[in-house]
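> Need a 3D model of the following:
(chains A and B)
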Amino acid sequence: MELYLICEDSLEGIFAAIYEAYLSKRPRSEVHLQIGEEENLRLFAEYRHVRADPELAAKVAATVRKCLGDDGYMSICYALAATAADKGEAVFRVITAAFDGERSSPKKENLTSSHVHSSPNEENLASSHVHSSPNEENPTNSHVHSSLKKENFTNSHIHSSPIMENLTNPHVMRVFELARACGRETHALLGFIRFSELENGLLYAPIGPKSNILTFMMPHFAERMPEENFVIHDEKRGLFGVHPAGGEWFAVTGDEGISLSRADFSFSTQEAHYRELFITFFHSIAIDERRNNRSQRGHLPLRYREYMVEFTER
Amino acid sequence: MVVRIAEEMSITEKLAVLSDAAKYDVSCASSGVDRKNNGSGIGNATASGICHSFSADGRCISLLKILFTNECVYDCAYCVNRRSNDVPRASFTPDEICELTIEFYRRNYIEGLFLSSGILMSPDYTMELICQAVGKLRREHRFQGYIHVKCIPGTCPELIQRLGLLVDRISVNMELPTADGLAALAPSKHRRTILAPMRQIQQGITESKYELVKYRHTEAFVPGGQSTQMIVGATPESDYHIITVAENLYQRFALKRVYYSAFVNTTKDSLLPALPSGPPLLREHRLYQADWLLRFYGFTAAELLDEKRPNFNVLLDPKADWALRHLEQFPVEVNSADLRTILRVPGIGLKSAQRIVSARRSAPLRFEDLKKIGVVLKRALYFITCNGRMMYNTRIEEDYITRNLLTVKEKLPFDRGSLKYSQLSLLDYDDFLQPEIVSRGVSDLQSVVLGQL
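Predicted coordinates for the structure are as follows:
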């Protein structure tokens, strides 16, 4: 029977579901990840809700990072920031393929039997579990294997799985596409986001990205402006990234009692002056003889412009 | 020496004048330097570079691109800021430059500062002022973002040395591809005074890299490398001439970038072509395409053009044009050919080629995989095989492929229909072609670039 694991749309939720999938010991091809409730239930399938669990998620994250390398891990994180409904399933398939080292047709393999040929990373997942792991039913056996796999593991640690290069695998291709789109949007917004200075000197920037990329943007600005108090506000998701001057940044969700909109703020006396200066610059830097709105639109799609002073004013 | 004194201008008026005067400078890159913030002040530099906006001409705005002053003692024929041109003049103070840079940077309008200048009194006098402004920005404001400064030809080596330790990139403009062109249009500038600082900066960069290996905390000298710019279409040089000069600059001066700027006639000087149909944008585009082929695709200038064919094809990009003349090297089997060979296939870019080489390690690639990887199959299909098969039953014949490639509309960064520039501009510069320039050999070209050092 097919097993559908229903999880919340967050890194913690999806990674916890992947942990659960491994615990379930079902054949891999029968386990599916489902983000949010299914509207069209299947008849012969079991549905199970998985709670988001930061601790389990951290274990899965650490294992994914070791197995896929930093770049592969970042691809997974970027892909999971997308809005696409199939992202959980695609990421799950890529991670299982990577854990199995893509041995012969991973789909036919049984999660239970994988205990015997346990892949290095599952081993790690289990051993990092503080409480006795369900994978250790047969301690002697698993001990032998774990020592065998240790070597394997160090190997895979050095040459992390090249799974993300295997673009002929449709799931890898899907994760690659999702990650590329989120990566592009993040990079674009790092440039297009506009801060405004409020009366108290705080810098405030509203954004409305397609993907949930606030947490990818915060480190960039925290590093860049260590002495500024600033807030980035994802208006679509009610999410705030807060950076206190000289401190570490953190994320706050709207659920935690904050609800703000752009209208709530009053700007500093200098704000209008610098906006005007920049708008002057923006217009005078263009060469009339080369006017090319199509190219401008290609590089700077209209959806970004509602947040940019040079397009919203004047 | 008379310095014209303008009436007191507001900072907004100054910015309007001095950014308007700076807009013909092409470079705006903020890439090539990865510098973390040291925990104080403001700013860092990202290796990939970041575009902060795009102006109405579709060009990226990354840096606050301004002139320090548009006063100038020179009278270069092509330059909007030439002495004899009647335009409003203005100069910034170092404090104004710092204020604009910091306040724009805080609001994430810009990635850093691009500072060029007209020549006030003398090159050294002007560069000294620029050094002061940049020094103030770095030391007093502890600004660690990207700074690009344009070096004025004829600046003394000591000033360049000082400046190089403050900024990320220095560029010395070639302005025109040949010394003859320079002599005709910019009589106060000399090839020697342009190449000498280039060589000095190149040596400074090499030494600095060596020192950084030995002592990690020495200040880096021009860590973003140097670039230059050539005006295209103001003088009669051919495309072959221009890319040969560019190739030499890359190989012998280790330049990061050569920029090409389609000539915009702002001064209407009698020495200059009229260009009734606007700047030669298509020609500029072809030169950039060729420039990429030189830097990333392993082509040489002599492979792309020669004395008999000194200009790029209007209808085909330089790579397709090359491939059609070398059909004996095709088709290429994507599952086994080396990276260098794959890079030469029209429709396959740098990233796609790298992805092909890494993806085929796991499994042989099919045409549909190539498409997803990013290969433009409409163009590539005539030149490749996948597992020994062509995609369709196509012939390796020049006329046949040319006809088919021409039906695939080329993606140009501007509208071919609305600008009648393309064909007309080609005629414009073809009219200029003087036989003695066309017939010069490669070795002569090199001596044009190098002979004076």
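> Break chain B down into its structural domains.
B:13-171, B:174-315+B:418-453, B:318-407 (automatic domain parsing).
> interface residues of the stretch 201-314 of chain A facing chain B?
A:203, A:205, A:220-221, A:223-228, A:270, A:274, A:276-278, A:280-296, A:298-300, A:308, A:310 (Cβ under 8 Å from any Cβ of the partner chain). (C-beta placed from N, C-alpha, C; glycine too.)
> one more time with 6 Å, if that's ok
A:223-226, A:274, A:277-278, A:280-281, A:284-287, A:289-292, A:295-296, A:299-300 (Cβ under 6 Å from any Cβ of the partner chain).
> Any quick PyMOL command for the buried ones out of these?
This is the PyMOL syntax for the buried subset of these, where burial follows 16 or more other Cβ atoms under 10 Å in any protein chain shown:
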select buried, chain A and resi 223+224+225+226+274+277+278+280+281+284+285+286+287+290+292+295+296+300
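> Select from the residues of the stretch 201-314 of chain A next to chain B every entry located in helices.
Members of those lying in helices (criterion: DSSP state H): A:223-224, A:274, A:277-278, A:280-281, A:284, A:295-296, A:299.
> out of everything not next to it in sequence, what's closest to the closest residue to chain A within chain B?
Closest residue of chain B to chain A, Cβ to the nearest Cβ: B:Gly58 (2.8 Å). Leaving aside its chain neighbours, B:Gly58 sits nearest to A:Ser295 (2.8 Å; criterion: Cβ to Cβ, 6 or more residues apart in numbering or on different chains).
> quick one on the thing from earlier: for the ones in helices among the residues of the stretch 201-314 of chain A next to chain B, which one is nearest chain B?
Proximity of those to chain B (Cβ to the nearest Cβ) peaks at A:Ser295, which lies at 2.8 Å.
> before we move on, back to that, could you pull up phi and psi at the residue of chain B closest to chain A?
phi 80, psi 10 (degrees, to the nearest 10).
> now B:Cys60
According to degrees, to the nearest 10, B:Cys60 has phi -70, psi 140.
> And the pLDDT for residue 99?
All of this is about chain A. pLDDT recorded at A:Phe99 is 83.
> you looked at the wrong chain, it should be chain B
On the pLDDT scale, B:Glu99 is placed at 96.
> So which other helices or strands are in contact with the strand or helix carrying it?
If you go by DSSP states H and E, B:Glu99 is part of helix B:94-106. Helix B:94-106 is packed against helix B:123-139, with contacts defined by 3 or more Cβ pairs under 6 Å, 6 or more residues apart in numbering or on different chains; DSSP states H and E.
> Just the helices from the stretch 101-250 of chain A, written as ranges.
Along the stretch 101-250 of chain A, the segments classed as helices by DSSP state H, counting those that start in this stretch run A:120-127, A:139-158, A:170-192, A:214-224.
> For chain B, what is the nearest residue in the stretch 51-200 of chain A?
Residue nearest to chain B within the stretch 51-200 of chain A (Cβ to the nearest Cβ): A:Asn166, separated by 3.6 Å.
> which non-adjacent residue is nearest that residue?
Nearest to A:Asn166 is B:Ser362, by Cβ to Cβ, 6+ apart, at 3.6 Å.
> likewise B:Leu271?
Using Cβ to Cβ, 6+ apart, the nearest residue to B:Leu271 is B:Ala77, at 4.8 Å.
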